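Undergrad: sequence below, structure please.
(2 chains)
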Amino acid sequence: MDNLQELLHGFTIAVTVPHLVLMAVGVLLGILVGVLPGLGAPNGVSLLLPLTFGMQPVSAIILLSSMYWGALFGGSVTSILFNIPGEPSSVATTFDGYPMARDGRPTTALATAFGSAAFGALIGVILITFLASWVAQVALAFGPPEYFAVYFLAFASFVGMGGAAPIKTVVALAIGFAIAAIGIDTVSGSVRLTMGVDELVKGVSFVVAVMGLFGIGELLVAVEEEFHARAVSSKIDWREVFRAVGRLPRHSVALLRSAAIGCWMGITPGGPTAASFMSYGIARRFSRRGRYFGTGEVEGIISPETADHAAGTSALLPMLSLGIPGSATAAVMMGGLMIWGLNPGPMLFVDQKDFVWGLIASMYVGNIVAVALVLLTVPVFAALMRIPFVVIAPLIVIICVVGAYSVSNSYLDVVMMLGFGIVGYLFKKLFYPLAPLVLAIVIGDKAEDAFRQSMLLSKGSLGIFFANKLVTCLIVGGIALLLLPLALQLARLLRKPAPSANETTVQEKVII
Amino acid sequence: MGRTSTFLLSAAATVLAGTMPALAAWQPQKPIEFVATAGPGGGTDNLARAVQNIITKHKLTEQPIVVVNKGGGSGAEGYVYGKASAGDPYKVIFGTSNAWQQPLVSKVAFNYTDLTPIAAMAQDEFLLWVKQDAPYKNAGDYLKAAAAGEFRMGGAQSKDTDEVLTRMIEKAGKVKLTYIPFKSGAETAVQLAGGHLDSHVNNPSESIGQWRGGTQRPLCVFSPKRLPQGPKVTASEGWSDVPTCVEQGLDIKQYEQPRTVWLPGKVTPDQAAFYVDLMKKVQATPEWKDYIEKTSQVDTFLTGAEFDKFIKEDLEHVKQVAGEQGWLVK
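TA: Sure, this is the predicted structure:
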């Protein structure tokens, strides 16, 4: 138990008054940037980075990582209250968080989200503590084919899930892939799909797409339907915060499963976004109340939140031990490490013990500080739901416009965001699912890069996806998840044969 | 009083610098935007933030500086933005040699001639790296092995500096390599550590941690002479112990990547002179030396005619490689 001893030493570094103050400041700033859409954790951390140049590296990383925790929590707030995800990884939280909040239970939704997020982070940090060296080895086994297989698994677990008509899911996915392809292509280096707009060479930012699709799209639907247009009369009850957190252990299966998915995706490194989508998809499949998902189910909040934070936390490990950032924020922090004179890589754990274990200890303490602070803010945020729609609606428009503009100070982004708003509205009216579209925008280009890198390696042979045990397991798992709903449907149909049903099944199989 | 002393200071610095003393009269009147043509955390972003930090710390200008990242499209986003901001002396673009290389090989909506060159500060060196337990001890062995089997070479981006160098190695060493592009040098280094690649040509700072950690080691450096003596990286070796590639029979004398600084086009000569001067002052600080050492780069400063000459030479060279590979866009 060498690690345990190191950890205790780390606690003596992390639990000092100046460091606790830094944590509290970091978390509060983080919540702020997390709640303000468009700012987000990567931007917040890079704004704060120059301030840390004069600090001790361990103090600097404690400040920045605390900000990261705060932002991860804050990002869920706007997802739940206004259907505007501040971070790519909190998109999946909107699916059930927002309906629950609209249903007059914003306090429950927020407290559940924060509670399960803290659980996920805790599991992630325990994993880092005890399995650091093993985890680093696992990550090294991932070449392009394995990366592709992980993304494939994420798509499969989400897409095969059903819900919307399969053909509509495929259409949404295809549009998402096309949007992800805009800009410079990594593998060929050429410019794609910019349609003569020079600025589009940068690609379409996720934030721009999501603010439009979710924020503006939802607003347009709400304006049309009178039901949404009244304020939610939510009672603000402090006790509900604790009751909601207290109810979490009843969903221990969902919590553990989601934490496992999150850790796995954080290490491999599929990242928190893929983790949250995958966790939601799998929960929907395996939960007993799966068919109620999307209407404000507790497990629909627990699953993505737990996985998101477990992945976000364990993503710091590949950064420290290998020098590959598992998320955008980790990338900024890695830049910071270089400037502080530390080289991320396998030797960090040997050369800079104080730094590494101080950081790991601060993850425990920082997350406790963060969850305490966010739970205190729940009633304040929940009270926002009582503000009448006529006041909130213009505010949402302002938030979305400012958020889109601040991505890269570009008016084009604002115009595109509004365009995505109309797309989002049309999708809702025509019952097309938004989730596959967003998933394809976020990890579509990564999946494509990994696939084409694999093809370069194998000179065009698909055999590379079955070349070793790891990649074969991942691919087979993905195919199984994809075919599972079809198999179940087929089994149901065989039991109750209907003349036209067989035909549909065959047709669906072709589509997927 | 404050104004006078700043004026005197800048006047003194210009005299010291000895370039265009009469033209440095322009002073910024509003906040300055540093545009990093890379995402947060990359080498270019680090440079922009280090320069920002030094300027703020030493109060080299009275105006505040903000760094924005426009790294989309392998940096094209930032350059296109610079082109669109013609005549605006409050936007400073930080990039690399892709300012002139990228327009050669892909249809991006800018060329380096749309921008006003300020300086090339700091050069990143390139080395040939292999996995720690690879059997070859020098570049000669490596080339022999590469000639026998199909070697996989990784690098950051497509048709960019790494792939250009790969094609140069193919030609000089008479071998054939399969080039696999990744998003960044850091990603490439991990792929080599995992044994998914045979080699890559990372900059020192992209692989120093991996070298120290014993997952990969450099065979040779693409530089006319060995790198300067610095602190040891591993227990027994430092950068200066890495032989040059020419020494080992891989005849590529020099290949390096400058970090470049630009203003948008159509700015006045005294506005450009102000920034040349500002960057010179930055370079004279101890923090800059510290930054250079920590990121294992080489300190250089090219401006004016020297910088122009460097661009022209590099451009000719890349054009030749790109032409042979059929990459040139019309």
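
Undergrad: now do the strands in the chain.
TA: Picked chain A for this. A:183-184, A:191-192 (DSSP state E).

Undergrad: chain B, not that one
TA: Going by DSSP E, chain B shows strands at B:32-36, B:65-69, B:91-95, B:115-125, B:127-131, B:151-156, B:177-182, B:199-200, B:216-221, B:256-264, B:298-302.

Undergrad: where in chain A is pLDDT low?
TA: A:1, A:37-39, A:136, A:159-164, A:226-236, A:269, A:323-328, A:346, A:497-512 (pLDDT under 70).

Undergrad: can you pull up the most central residue in it?
TA: What sits nearest the mean C-alpha location of chain A, by C-alpha atoms, centre = their mean, is residue A:89, with 1.6 Å.

Undergrad: quick one: pLDDT of residue B:147?
TA: pLDDT recorded at residue B:147 is 93.

Undergrad: around chain B, which positions in the stretch 351-500 of chain A sit nearby?
TA: A:351, A:408-409, A:449, A:453, A:456-457, A:459 (C-beta under 8 Å from any C-beta of the partner chain). From N, CA and C alone the C-beta is placed, and that goes for glycine too.

Undergrad: now list the buried members of those.
TA: The neighbour count (16 or more other C-beta atoms under 10 Å in any protein chain shown) marks A:408, A:449, A:453, A:457 as buried among these.

Undergrad: so who does whichever residue of the stretch 1-150 of chain B sits closest to chain A touch?
TA: Nearest to chain A, among the residues of the stretch 1-150 of chain B, is residue B:72, at 2.5 Å (C-beta to the nearest C-beta). Contacts for residue B:72 (C-beta atoms under 8 Å, 6 or more residues apart in numbering or on different chains) come out as A:183-184, A:201-203, A:408.

Undergrad: how close does it get to residue A:203?
TA: Distance of residue B:72 to residue A:203, given as C-beta to C-beta, to the nearest Å: 5 Å.

Undergrad: now the common contact residues for the two.
TA: A:183-184.

Undergrad: before we move on, the earlier item: quick check, nearest of the contacts of residue B:72 to residue A:437?
TA: residue A:203 (15.7 Å; C-beta to C-beta).

Undergrad: can you give me phi and psi for that closest one?
TA: Residue A:203 adopts backbone torsions of phi 90, psi 180, taken as degrees, to the nearest 10.

Undergrad: so who does it touch?
TA: By C-beta under 8 Å, 6+ apart, the contact list for residue A:203 reads A:180, A:182-184, A:445, B:72-73.

Undergrad: again, 6 Å this time
TA: Counting by C-beta atoms under 6 Å, 6 or more residues apart in numbering or on different chains, residue A:203 touches A:182-183, B:72.

Undergrad: what about the helices in the stretch 51-200 of chain B?
TA: Under the criterion DSSP state H, counting those that start in this stretch, the stretch 51-200 of chain B contains helices at B:76-84, B:98-105, B:139-148, B:161-173, B:185-193.

Undergrad: any idea how far residue A:148 is from residue A:457?
TA: Distance check for residue A:457 against residue A:148: by C-beta to C-beta, it reads 11 Å.

Undergrad: what's the answer for residue B:109, then?
TA: With distances taken as C-beta to C-beta, residue B:109 is found 31 Å from residue A:148.

Undergrad: more neighbours: those two, which one.
TA: residue A:148 (26 against 20; other C-beta atoms under 10 Å in any protein chain shown).

Undergrad: quick check: the more buried one vs chain B, distance?
TA: 12 Å (C-beta to the nearest C-beta, to the nearest Å).

Undergrad: which residue, other than its chain neighbours, is closest to that residue?
TA: Nearest residue to residue A:148 in three dimensions, chain neighbours excluded: residue A:450, at 3.8 Å (C-beta to C-beta, 6 or more residues apart in numbering or on different chains).

Undergrad: quick one, what contacts the one you found?
TA: Residue A:450 sits next to A:144, A:147-148 when contact means C-beta under 6 Å, 6+ apart.

Undergrad: what about residue 245, neighbour count?
TA: With no chain named, the answer covers chain A. For residue A:245, the neighbour count with other C-beta under 10 Å is 20.

Undergrad: wait, chain B was what I had in mind.
TA: Neighbours of residue B:245 (other C-beta under 10 Å): 26.

Undergrad: hmm, residue B:218 and it touching each other?
TA: No. Applying C-beta atoms under 6 Å as the test, residue B:245 and residue B:218 come out as separate, 10.3 Å apart.

Undergrad: contacting residues around the nearest residue to the residue nearest to the centre of chain A once chain neighbours are set aside?
TA: Setting aside the residues directly before and after it, residue A:89 is nearest to residue A:272 in space (C-beta to C-beta, 6+ apart), at 3.9 Å. Shown in contact with residue A:272 (C-beta under 6 Å, 6+ apart): A:89, A:308, A:311-312, A:327.

Undergrad: most neighbours, which of those?
TA: Within those, residue A:308 tops the neighbour count with 37 neighbours, counted by other C-beta under 10 Å.

Undergrad: quick one: it from residue A:69, how far?
TA: 12 Å.

Undergrad: from residue A:397, how far off is the residue of the stretch 101-250 of chain B found nearest chain A?
TA: Per C-beta to the nearest C-beta, residue B:209 is where the stretch 101-250 of chain B lies closest to chain A, at 2.2 Å. Taking C-beta to C-beta as the measure, residue B:209 falls 46 Å from residue A:397.

Undergrad: pick out whichever of these two has more residues nearby.
TA: Of the pair residue B:209 and residue A:397, residue B:209 is the one with more neighbours under other C-beta under 10 Å, namely 26 against 15.

Undergrad: the nearest residue to the more buried one once chain neighbours are set aside - how many residues pack around it?
TA: Once flanking residues are discounted, residue B:209 sits nearest to residue A:345: 2.2 Å by C-beta to C-beta, 6+ apart. Residue A:345 has 26 neighbours, counted by other C-beta under 10 Å.
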